[in-house]
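1. When you get a sec, could you give me coordinates for this:
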Amino acid sequence: MPSQHFPDQIIVPSFKQLVLYTGNVMLTSTTATAGKHWNKKSNTELVQAISDTLDISLKGTDKPSFRYYTETELLEVPDLRLSSRIHPDDRNDVEVTAKLFYLDGCSEYQPSHIDKAINHLQQLLNVKSIDTFIVSFDADDSASSVSKAWKDLEAYHERGVISKLGLADFDYQTLTNFLNKKDLKVKPCVDQVHFDQCCSLPQDLIRLGKEHGIEMTFNGDTTEILTTDALSTLLSNHNVVKEKTRCRSVVADKGYIVVGDVA
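-> Reported below is the predicted structural model:
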């Protein structure tokens, strides 16, 4: 993809991969706007956070506000405000909970997906360990991909990088099948379940959670938190790309890390 130059915007080099750090959305105006959409499975917060980061990082400055890695053709758009970094002295007082979303258009699972997600998170927050790591699989992900991903997460758990593992939107039957896996070493500690009407969880799911010591919680995240078309539109509107971008994954804690490839 050729480099592009636009008025009031620095030159963006040709790239094939993108990593974008939104920073802590709790410190921006995006949270207030997105909060009212909680029960509508809205991805408003993420979309606004990406747009805000692109505005700050790519416009109105005469200095490069991104990192570009020639060998891998990777464009990294950082959180210039460093709003998510945790001071080492405060680490014991901060609970780090992260969530990895597998999105539409992802290829068959690869170990690098987990490795990159955790590495990006460690860099963003300036931490070595994660207290709770939740993974949200796409509805079309195969049982084989889910098993491979969980096995790699178990390895991080065994090394002490992750303290607790969790799942998202596993119903009674799916969770039962998962817990009955013969090669399961680490049970999930939490199952985040989304309902349009946040009133009560299914009783069979509650009983299953109590039986296995799994906390059942509500979450307001849409399972389709960012589509390929939405990301492509955002990058196009900010004059970053013309080609379609495949959105690989998103990690969310206080903010978001978006990873994508240019088709």
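2. Can you mark which positions in stretch 207-219 are buried?
-> Applying a neighbour-count criterion of 16 or more other Cβ atoms under 10 Å, the buried positions in stretch 207-219 are 208-209, 214, 216, 219. To be clear about C-beta, it is placed using only N, CA and C from the backbone, and glycine gets the same treatment.
3. in the chain, which spans are strands?
-> If DSSP state E is used as the criterion, the strands of the chain fall at 4-6, 9-12, 17-24, 67-69, 74-77, 97-102, 130-136, 162-168, 190-193, 215-218, 245-252, 255-262.
4. for those, which one sits closest to residue 110?
-> Comparison of the strands of the chain against residue 110 by Cβ to Cβ identifies strand 245-252 as nearest, at 9.8 Å.
5. Output the strands of the chain in TSV, with mean pLDDT and distance to residue 234 appended to each entry.
-> Conversion of those to TSV gives the following (pLDDT from 0 to 100; distance: least, Cβ to Cβ, whole Å):
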stretch	mean pLDDT	distance to residue 234
strand 4-6	42	15
strand 9-12	66	14
strand 17-24	82	10
strand 67-69	86	19
strand 74-77	87	12
strand 97-102	86	16
strand 130-136	93	21
strand 162-168	96	24
strand 190-193	92	26
strand 215-218	88	28
strand 245-252	67	9
strand 255-262	76	9
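6. for these, which one sits closest to residue 182?
-> For the strands of the chain, proximity to residue 182 was assessed by Cβ to Cβ; strand 162-168 is nearest, at 17.8 Å.
7. Convert the C-alpha atoms of that closest one to CSV, please.
-> Below are the C-alpha coordinates for strand 162-168, written out as CSV (Å, rounded to 0.1, in the frame of the first residue of the first chain):
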residue,chain,number,x,y,z
ILE,A,162,-2.1,-15.2,34.3
SER,A,163,-3.7,-15.9,37.7
LYS,A,164,-7.3,-16.7,36.6
LEU,A,165,-8.8,-17.7,33.3
GLY,A,166,-12.3,-17.0,32.1
LEU,A,167,-14.8,-17.5,29.2
ALA,A,168,-17.5,-15.3,27.7
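8. neighbouring contacts of it?
-> The set of residues external to strand 162-168 that reach it, using Cβ atoms under 8 Å, 6 or more residues apart in numbering, is 99, 118, 129-137, 150, 153-154, 156-157, 175, 178, 186, 188-194, 219, 221, 223.
9. That strand pairs with which strands?
-> When pairing is defined by DSSP bridges, strand 162-168 lines up against strand 130-136 (parallel), strand 190-193 (parallel).
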